[in-house]
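**Q** sharing a sequence plus its predicted fold:
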Amino acid sequence: MGLTLNLVNLNLHVADLERAVDFYALLGWTPIEGAKPDRIIESEPLDCGGRIEHGGGRFRSVLLSCGSDPRATTLLQLSEYIEPKATPKPFKPRYEAGAHRITMRVHDIDAAVAELRQNGVEIAHEPQEAVVAGRRHRYVIIADPDDNPIEVVQLGAGRKG
């Protein structure tokens, strides 16, 4: 198709905006300049054809960036619905269709795991290995405060051997 230039942002609905911002800060995300999470946004529902819902209600939102130039990085938008209040996310089996996880790259998985654990992030397993296109990758899977799965990965951690 050739229409897509790049991924601009991911949007996660969270139950507690401050808690989510604090968690994602541990992963290197910072609010972009001028972000005001205390502002209440009101929106009307948008008709998306009945299969999905978008908009409607009152919410607070903040954009986070992993880099200093928001035009050159994917942004993460965290939104907390005030009205209607966020509902708990049901358990999603690994084989269910739909978005499964956010993957974030680190330079050193062992150092990242140690730092996350030191900051109270629960990591239930040690780094795992996967071979993709002949390159060994090492990763862990963690959950954010709203149980959204996040893969933290060190890409190209060596040749398959």
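**A** Happy to help now that I have it.
**Q** point out where the protein drops to low pLDDT.
**A** Confidence mapping of the chain against pLDDT under 70 gives the ranges 1-6, 68-72, 158-161.
**Q** which parts of it belong to which domain?
**A** For the chain, automatic domain parsing gives the domain ranges 9-83, 102-154.
**Q** end-to-end on the shortest one?
**A** Counting by Cα to Cα, to the nearest Å, you get 14 Å between the two ends of domain 102-154.
**Q** do the same with the longest one
**A** Domain 9-83 stretches 23 Å from its first residue to its last (Cα to Cα).
**Q** what residues are up against residue 24?
**A** Residues in contact with residue 24 (Cβ atoms under 8 Å, 6 or more residues apart in numbering) are 64, 76, 78, 144. In this view, the C-beta of every residue, glycine as well, is placed from N, C-alpha and C.
**Q** and these, which is closest to residue 85?
**A** The shortest separation between residue 85 and any of the contacts of residue 24 is 15.8 Å, and it belongs to residue 78 (by Cβ to Cβ).
**Q** what is the neighbour count of that closest one?
**A** By other Cβ atoms under 10 Å, the residues close to residue 78 number 28.
**Q** dig out what it forms beta bridges with.
**A** Note on residue 78: beta-bridge partners residue 12, residue 62, judged by DSSP bridges.
**Q** and residue 25, that one's in a strand?
**A** No. Using DSSP: H, G, I helix; E, B strand; the rest coil, the assignment for residue 25 is helix, not a strand.
**Q** so which residues of the protein form helices?
**A** 17-26, 109-118 (DSSP state H).
**Q** just say which of those is most tucked in.
**A** helix 17-26 (a mean of 18; mean count of other Cβ atoms under 10 Å).
**Q** now it and helix 109-118, what's the angle there?
**A** Helix 17-26 runs at 150 degrees relative to helix 109-118, counting by axes from the mean of the first three to the mean of the last three Cα atoms, to 10 degrees.
**Q** got the CA coordinates for helix 17-26 in PDB?
**A** What follows is helix 17-26 as a C-alpha-only set of coordinates in PDB (Å, rounded to 0.1, in the frame of the first residue of the first chain):
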ATOM      1  CA  LEU A  17      -3.100   8.100  35.400                       C
ATOM      2  CA  GLU A  18      -0.500   9.000  38.000                       C
ATOM      3  CA  ARG A  19       0.200   5.400  38.900                       C
ATOM      4  CA  ALA A  20       0.600   4.600  35.100                       C
ATOM      5  CA  VAL A  21       2.900   7.600  34.500                       C
ATOM      6  CA  ASP A  22       5.100   6.600  37.400                       C
ATOM      7  CA  PHE A  23       5.300   3.000  36.100                       C
ATOM      8  CA  TYR A  24       6.200   4.000  32.600                       C
ATOM      9  CA  ALA A  25       8.800   6.400  33.900                       C
ATOM     10  CA  LEU A  26      10.600   3.300  35.200                       C
END
